[in-house]
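**Student:** following is a predicted model, sequence given first.
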Amino acid sequence: MRVLGPLLCAVLFSGWAAGQTLNCNLEDYKPLEGLTATVRERVLEVKWRGERDQQLRAEFAIQNGQPVVRELAASINGAKWLVLGQGLTPEFQVTSGMRRLAMAQAQALRSLHGTLTPDLVEREKWNAFWDAPLSIPGNPRAGDSSIDLPRKPDEVRRAWASYHATSCQIKTEGTRLEVTFPGLEMGIFSGRLQFTVYRGSNLLRQEAIARTEQPSVAYKYLAGLKGFPIGKDTRVVWCDVARAWQEYDFGSASNTDPVGFRARNRLGIVETGGGSLGFFPPPHKFFFARENEVNLGYVYYRKDGENSFAIGVRQPDHGEGYNPYGISDEVWDQRVTESRAETYNYALYNAPPRTWQRMAVYFYLSTGSGRATQQAVLAYTHDDVYKAMPGYKVLVSHFHMHLGEMLSDQGTFDYRPEWLQVFRALGVNAVILADFHSDSHPDDPGPLRLKEQEVYFEACRRLSDRDFLLIPGEEPNVFLGGHYMMFLPHPVFWTHAPTRSQGQLVMESDPHFGKVYHAASAGDVMEMLRREQGVVWQAHPRTKSSAGYPDAVRDEDYFLSDRFIGASYESLPVDLSEDRLCETRCFGTLDDMNNWAPTPKYMIAEGDTYQKYPDDETYPQLAVNYVRLDRLPKFDEDSTSIGLALQAGDFFVTTGEVLFRKWGVEGSGGPHPVYMADVEWTFPLEFVEVIWGNGNTTDRKRISATGMAPFGNHEFRIPFARGGHKWVRFAVWDSAGNGAFTQPVHLK
């Protein structure tokens with residue numbers, strides 16, 4: 001019997017739930033060609049058309065209140081069906097701790113506000129970076145810099161999901177179909193289980209959509225399916241961090257806990273002897289910010305017995321680190337806990353009370369082999385590479401590599417650090433480094449710093465190449481308030497000691513170094529930037545040591561200057577209830593800045609991390625800037641073209657899956673302007689939006705894009721009323737939480 005039209009059906013699932021009635025609410029269901037839900041043999045069956053003429057099938061039922069995936073299968077042209085899994089049960093586990101305000105935030109906020117009021121702490125703790133809620137009791141000497149330590153063991157709570165489902169809801173949304181089961185309970189969280197399929201894609205998204213009433217919750221999750229039968233040809237395969245293929249054939253003892261394995265590209269694959277099933281987390285939204293990208297093992301298997309196993313995605317309880325270059329083991333050991341060599345920030349996800357957190361895992365159904373599935377899944381992230389776009393160069397910023405110290409230890413300029421090949425393998429064209437941060441002698445007023453700068457400049461010159469530019473930037477953190485990053489289009493010798501030496505001029509000529517600046521105030525810094533055509537922006541606004549900034553300097557002449565171009569964008573913090581990455585802090589800062597300032601302010605994607613190695617998972621934890629440039633300057637050429645593009649907002653920010661070919665405002669001087677954007681994407685889209693402000697408030701026009709097929713492109717033309725709008729920008733977000741946004745345009 002085919003299910004058609006809006007109706008309410010009661011289906012008896014004999015064998016699966018003896019005597020249990022399932023009420024399927026189909027009021028929001030609309031059958032589409034290539035996307036249908038039917039009732040077949042007392043089982044809810046979903047069929048959809050995938051990629052390259054593949055047909056996919058998922059069957060659902062309820063057994064004693066537990067939603068089950070009765071079968072996953074794939075076929076070519078609806079011929080022979082290859083069963084990829086049967087009798088599967090969704091599994092979720094959540095581990096939570098207590099969110100605290102970081103000490104660096106507290107110090108910055110005290111300097112601005114005098115005291116930390118409860119309301120201030122409650123608001124700002126959700127922007128914490130240096131927090132480790134699962135580290136009990138915490139160790140301030142180890143760099144665990146949250147306030148109100150020690151942590152208590154009973155703060156950490158773990159719970160597996162249980163279900164009390166008696167019904168399901170089937171909803172057509174554009175060209176996707178959602179199957180939802182209410183009655184999910186998971187410790188302090190409660191909500192629903194949802195499966196989503198997308199016409200034109202082999203993806204199946206499984207997620208727990210749940211919320212908590214508890215205050216100050218930070219959490220991580222595990223999500224997967226259990227009950228896969230073990231056959232003679234069953235195995236899990238993956239590409240390891242060295243890009244060699246590995247496999248596990250379930251020939252060893254059963255597991256008590258999930259076995260996390262370090263798969264390249266965060267992808268595990270089940271091979272069944274006919275067809276395969278990939279499993280992986282959302283490419284970017286799964287990752288909370290850390291100071292490195294060590295692959296911690298984000299996918300797992302678990303052999304539950306001789307006949308069945310489980311697979312899924314997870315975050316471990318703790319991070320792993322390595323010493324920033326130049327810091328000895330002895331010093332670094334003082335910054336890690338006594339029991340584990342972990343990085344001192346492992347902040348987890350935010351879960352403010354009553355926010356619907358979406359804890360997702362993806363499955364990719366395929367008729368092909370494991371290697372074919374790997375190629376198909378990696379197409380969604382362009383093989384974890386930032387795709388080359390004609391007329392654009394990929395720029396990244398803010399990396400503390402300690403390059404001068406590294407070369408000093410090697411004793412030669414002709415040393416090629418491993419992090420260089422990481423950037424090049426990602427498709428990056430230009431990197432703004434941020435040395436003189438905790439390395440070298442940043443505050444030295446004279447010869448020592450200048451000699452170290454000379455080494456820094458020469459090292460960047462030698463490591464630059466055709467279509468690759470290493471830019472010697474800096475994060476000085478003096479005079480302007482909070483932390484900030486600086487771009488200069490050519491090497492500039494300068495110092496920023498708190499006071500100038502007696503008789504020292506703001507600018508002087510040195511017989512060896514040539515022109516040298518000695519900044520001792522915000523005015524000196526801005527004068528240097530004006531003379532040398534440089535720009536500056538607030539690093540990590542409203543968090544870390546920039547908590548309260550740029551708000552605190554919004555009326556300062558230097559902030560209002562066209563040399564102060566905005567602030568940085570990082571996926572920090574991560575709240576899985578938000579539709580956009582860094583929705584509140586980052587985009588709140590961007591929109592506020594443009595309401596305050598008479599000239600445009602922008603957001604520059606930054607990393608703010610330390611060493612990186614080829615076996616890291618850098619791609620999912622990085623957003624980049626596509627800067628509109630005809631060509632990339634060579635190191636010995638002036639790079640003013642980059643500075644001018646940044647200063648003009650002639651770039652867009654992306655996670656890599658959504659790209660702009662062109663964009664702009666048409667008719668900006670008239671009463672009916674139109675925002676035009678030519679966009680391409682990989683994952684099925686979620687929505688596009690035009691955002692604008694009038695100088696006081698911000699508003700947006702959001703347009704659903706759930707009818708757009710995956711791997712598509714479209715020229716959007718969205719009218720918006722001119723009215724009293726001061727500025728406007730555009731953004732695109734896909735169904736996995738990836739996205740791209742253009743910079744604000746101030747309307748004349």
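**Tutor:** Done, it's in. Numbering: from 1, shown residues only.

**Student:** lowest-pLDDT helix or strand in the chain?
**Tutor:** Lowest on mean pLDDT, DSSP states H and E among the helices and strands of the chain sits strand 8-12, with a mean of 37.

**Student:** quick one, helices of the stretch 401-550 of the chain?
**Tutor:** Ranges of helices within the stretch 401-550 of the chain are 403-410, 418-425, 447-463, 522-532, based on DSSP state H, counting those that start in this stretch.

**Student:** any buried residues in the second one, and which?
**Tutor:** Spelled out, that is helix 418-425. Along helix 418-425, the positions that meet the burial threshold by neighbour count (16 or more other CB atoms under 10 Å) are Trp419, Leu420, Val422, Phe423. No exception for glycine: its C-beta is placed from N, CA and C like everyone else's.

**Student:** surely the last one is in contact with Val396?
**Tutor:** Yes - Phe423 lies in contact with Val396 (CB atoms under 8 Å); the separation is 7.0 Å.

**Student:** which neighbours do those two share?
**Tutor:** Residues within reach of Phe423 and of Val396 at once, by CB atoms under 8 Å, 6 or more residues apart in numbering, are Val431.

**Student:** for the biggest strand by length in the chain, name the packing helices and strands.
**Tutor:** If you go by DSSP state E, the chain has its longest strand at strand 81-98. Under the contact criterion of 3 or more CB pairs under 8 Å, 6 or more residues apart in numbering; DSSP states H and E, the helices and strands touching strand 81-98 comprise strand 66-76, strand 157-160, strand 176-186, strand 203-212, strand 217-229, strand 276-280, strand 357-366.

**Student:** could you pull out the buried residues of the very next helix or strand once past that strand?
**Tutor:** On the C-terminal side of strand 81-98, the nearest following helix or strand under DSSP states H and E is helix 103-113. Within helix 103-113, the residues that qualify as buried are Met103, Ala104, Gln105, Ala106, Ala108, Leu109, counting by 16+ other CB under 10 Å.

**Student:** helices and strands around helix 103-113, which ones?
**Tutor:** So helix 103-113, by 3+ CB pairs under 8 Å, 6+ apart, packs with helix 118-124.

**Student:** in the chain, which residue is most central in space?
**Tutor:** The centroid of the chain falls nearest to His284 when counting by CA atoms, centre = their mean (3.7 Å).

**Student:** in contact with Trp356, which residues are there?
**Tutor:** When contacts are counted by CB under 8 Å, 6+ apart, Trp356 touches Gly191, Ile209, Ala210, Arg211, Ser577.

**Student:** repeat that with 6 Å
**Tutor:** With contacts taken as CB atoms under 6 Å, 6 or more residues apart in numbering, Trp356 has the following neighbours: Ile209, Arg211, Ser577.

**Student:** just Leu348 next, same as before
**Tutor:** Taking CB under 6 Å, 6+ apart, we find Leu348 in contact with Pro133, Ala218, Tyr219, Lys220, Phe288.

**Student:** please tell me the pLDDT value assigned to it.
**Tutor:** pLDDT, Leu348: 97.

**Student:** quick one, domains of this structure?
**Tutor:** With automatic domain parsing serving as the domain definition, the record reports that the chain contains domains spanning 8-94+160-380, 98-158, 392-655, 657-748.
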